[in-house]
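# sharing a model prediction with you, sequence too.
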Amino acid sequence: MSELTIWTYDWVPEGPRGFVRDLRLRWACEEADLPYVVRTVAFDDRQTNHLDRQPFGLVPFLNDGELEIFESGACLLHLARKSERLMPRDPAGEAETLQWTISALNSLEMVTVPWWFLNICGEPDNQLTGWLGQRLEHLENVLAEREWLAAGRFTIADLLMADVLRVPLVRAFGDRPASEAYVARVTDRPAFRKAHADQVRQFEAADAKRAEMAPG
Ligand SMILES: N[C@@H](CCC(=O)N[C@@H](CS)C(=O)NCC(=O)O)C(=O)O
């Protein structure tokens, strides 16, 4: 099997630790027992220092041997082709997994991220609030009826949806008991806990190095 390399930043401030999207790829590899290494690009000058690997200057991106791929969703789908644990192989189970994976990105995260951004910029009651509320309410109704989004068991669709929903401001939005239980259940998986702890530990370790290099 070719070597998987997950790329992230060499350091981030405390706020995003535990939420940088390389965690999605670490988590998937942990779920599927796929061996991987983590390598880094510099956080400083990130807008321009790795445009050859991620055309928007973001992380994560992935190497699979010679193959290079960016976008966390695309990387997850790539990893899912390696392990049935991440996506079932029967056509119906695969189609369900695909639709919920894309919907986590394109129906939920496309609202949660801009809403979150306006919120932290001091506009908690912004124009996206109603839209977000509707999307989360619809999802709440789905999650009230089932334990997993697709195929009756954990898939990358749950990994992605739980990662979108676990952002603290989103998680605290409204009273949505089924969604809260879902996020708690999915993020209680040992693979998530390991991926999360590894990421936080890596950025904490980078603090010391950064302090050494700081002028004065
Ligand atoms: N759609 C992209 C989004 C990637 C993204 O927003 N990455 C964040 C870290 S989680 C980043 O690199 N932020 C740096 C910046 O915005 O300067 C994906 O899912 O891979």
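Yep, it's here. Computed from a prediction, not measured in an experiment: that's the story for all the values here. Numbering: from 1, shown residues only.

# how does this structure divide into domains?
Here the domain parsing of the chain from automatic domain parsing is 4-84+191-213, 91-189.

# does the shortest one come close to the ligand?
No - applying Cβ under 6 Å from any ligand atom, one finds that domain 91-189 is not in contact with the ligand, the shortest distance being 7.3 Å. No exception for glycine: its C-beta is placed from N, CA and C like everyone else's.

# now the end-to-end length of that domain.
This stretch, domain 91-189, spans 26 Å end to end (Cα to Cα, to the nearest Å).

# for the helix or strand harbouring S179, buried residues please.
S179 belongs to helix 177-186 when assigned by DSSP states H and E. Within helix 177-186, the residues that count as buried by 16 or more other Cβ atoms under 10 Å are 178-180, 182-183, 186.

# following element in sequence after that helix, please.
Counting by DSSP H and E, the next helix or strand C-terminal to helix 177-186 is helix 190-213.

# now do that next one and helix 177-186, the angle between them.
70 degrees (axes from the mean of the first three to the mean of the last three Cα atoms, to 10 degrees).

# which strands or helices does helix 190-213 pack on?
Applying 3 or more Cβ pairs under 8 Å, 6 or more residues apart in numbering; DSSP states H and E, we find helix 190-213 packed against helix 22-32.
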